[in-house]
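Q: Quick one: sequence and predicted model below, then my questions.
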Amino acid sequence: CMQAIACLEYCTMFIRKLIMQIKKKKNNLKNLKIELLILYCTPASTIEIKAIMHSKVAINLIFGIVLALTSTIVNAQDVLKFEYISSKDGLSQNTVFSILPDKKGFLWIGTMNGLNRYDGKDFKIYKSQSNSSEILTNNRISRLWQDDNNFIWIQSYDGFYHAFNQEKETFQTLPTYNDNIEERNSTATSFCQYDSSTIFVGTTASGIYLLKYIKEINQYKTRQFLSRGKETITNNHILNIYKDGAKNIWILTKKGINLLSATDLAQGNHGNITHFHTTVSFTNAVAENEEYLLFGTQNNGIIAWHKA
């Protein structure tokens, strides 16, 4: 009876030590296993240890339990947990091209067949409809992002940009459809958030769209700049829209580069556009340092603009 009590007290000491180390989140669990192993293998030299070692069944049981506990806890630290979200849970399609966590806590998922809004439990699916002008033009979603006014922007596979108003649940599509031969097959190429209320969108044949946010109606007012008419740009095929460190806007086109100065933008003179290198075809390559702006071209190398 005394041997059994001594065995229980000694092994309890190790279990208490194990619990204390777990609470302190120390990485000494392996050391504890080694210490218990030493106790198990050390020749009996005192009356207490002799009493414990004489109760082989009890010590074997406790030793096995402690080893199992420590092994489980140590190994659990390295376990990675993965979960699957698929069409079985309500996703519109299982090929996913883009994922966006928005500022309201929703998860937006662009798939091969539809746009999904996921709240952690349920899905709401948005798809194109032939009888609506305020909806997606294509169900294949290539890219998602969110602007400063919480509009969700969607790039569909057919090359259009769609600004989704979460409050009104409406889509604003760019470029707008135009029966003009030049603009009929136009697609979007570039997006530039100039400030919290101003966005520029470039296209392949419809020039530049300037979007101004109207807070009172929670909507964007659109203005278009083309290579014809008043307040023109050099070419309707836009390769890139770049905001430099001084807050100027540079519009790189298939023929020429266009400058909207920070001063004119601040004063609302959006049509005061300066043209440069009107015979040069630019690419979308732009780089900037403290002294220069560097613009990539087709067949004309790099054009450097000195900030002076």
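A: Structure received.

Q: you'd agree Glu231 is up against Ile273?
A: Yes - using C-beta atoms under 8 Å, Glu231 makes contact with Ile273 at a distance of 6.5 Å. Just so you know, the C-beta spots here come from the backbone N, C-alpha and C atoms, and that holds for glycine as well.

Q: so what sits against both of those two?
A: Phe225 (C-beta atoms under 8 Å, 6 or more residues apart in numbering).

Q: Those two: which has the busier surroundings?
A: Ile273 (19 against 13; other C-beta atoms under 10 Å).

Q: Could you check how far that one is from Glu183?
A: 19 Å (C-beta to C-beta, to the nearest Å).

Q: Next: Ser87.
A: On the measure of C-beta to C-beta, Ser87 and Glu183 end up 38 Å apart.

Q: Please apply the same query to Tyr118.
A: Counting by C-beta to C-beta - Tyr118 and Glu183 are separated by 36 Å.

Q: With Phe123 instead?
A: Where Glu183 is concerned, Phe123 sits at a distance of 36 Å (C-beta to C-beta).

Q: again, but for Ile241
A: In terms of C-beta to C-beta, Ile241 sits 18 Å off from Glu183.

Q: picking that back up, so Ser87 and Glu183 - more neighbours on which side?
A: Using other C-beta under 10 Å, the more surrounded residue of Ser87 and Glu183 is Glu183, with 19 against 12.

Q: what sits against that one?
A: Contacts of Glu183 by C-beta under 8 Å, 6+ apart are 175, 205-206, 236.

Q: where do the helices sit along this protein?
A: Shown for the chain, the helices assigned by DSSP state H span residues 2-23, 29-41, 47-54, 56-76, 262-267.

Q: neighbours around Lys103, how many?
A: Going by other C-beta under 10 Å, the residues that sit close to Lys103 add up to 9.

Q: start at 622 instead
A: Okay, using 622 as the starting number, the last item reads as Lys724.

Q: from memory it sits against Asp769, does it?
A: No - here Lys724 does not reach Asp769: they are 9.9 Å apart, not a contact under C-beta under 8 Å.

Q: ok, and the most crowded of the contacts of Glu804?
A: Ser827 (28 neighbours).

Q: which ones are touching it?
A: Here Ser827 is in contact with 796-797, 799, 804, 807, 845, 847, 857 (C-beta under 8 Å, 6+ apart).

Q: What of Thr855?
A: 848, 874, 876-879, 896, 899.

Q: circling back: weakest of the helices of the chain by average pLDDT?
A: Per-stretch mean pLDDT for the helices of the chain is lowest at helix 668-675 (a mean of 45).

Q: The residue nearest to Asn893 when sequence neighbours are not counted - how many residues pack around it?
A: Closest residue to Asn893 apart from its sequence neighbours, by C-beta to C-beta, 6 or more residues apart in numbering: Asp885 at 4.5 Å. Residues within reach of Asp885, counting by other C-beta under 10 Å, total 17.

Q: His891 is in contact with Asp885, correct?
A: Yes - with contacts counted by C-beta under 8 Å, Asp885 reaches His891, the gap being 7.2 Å.

Q: Look up how far Ile756 lies from Ile730.
A: 18 Å.

Q: the more surrounded of the two?
A: More crowded of Ile730 and Ile756, by other C-beta under 10 Å: Ile730, with 23 against 16.

Q: ok, the more buried one - contacts?
A: 712, 717, 719-721, 736-739.
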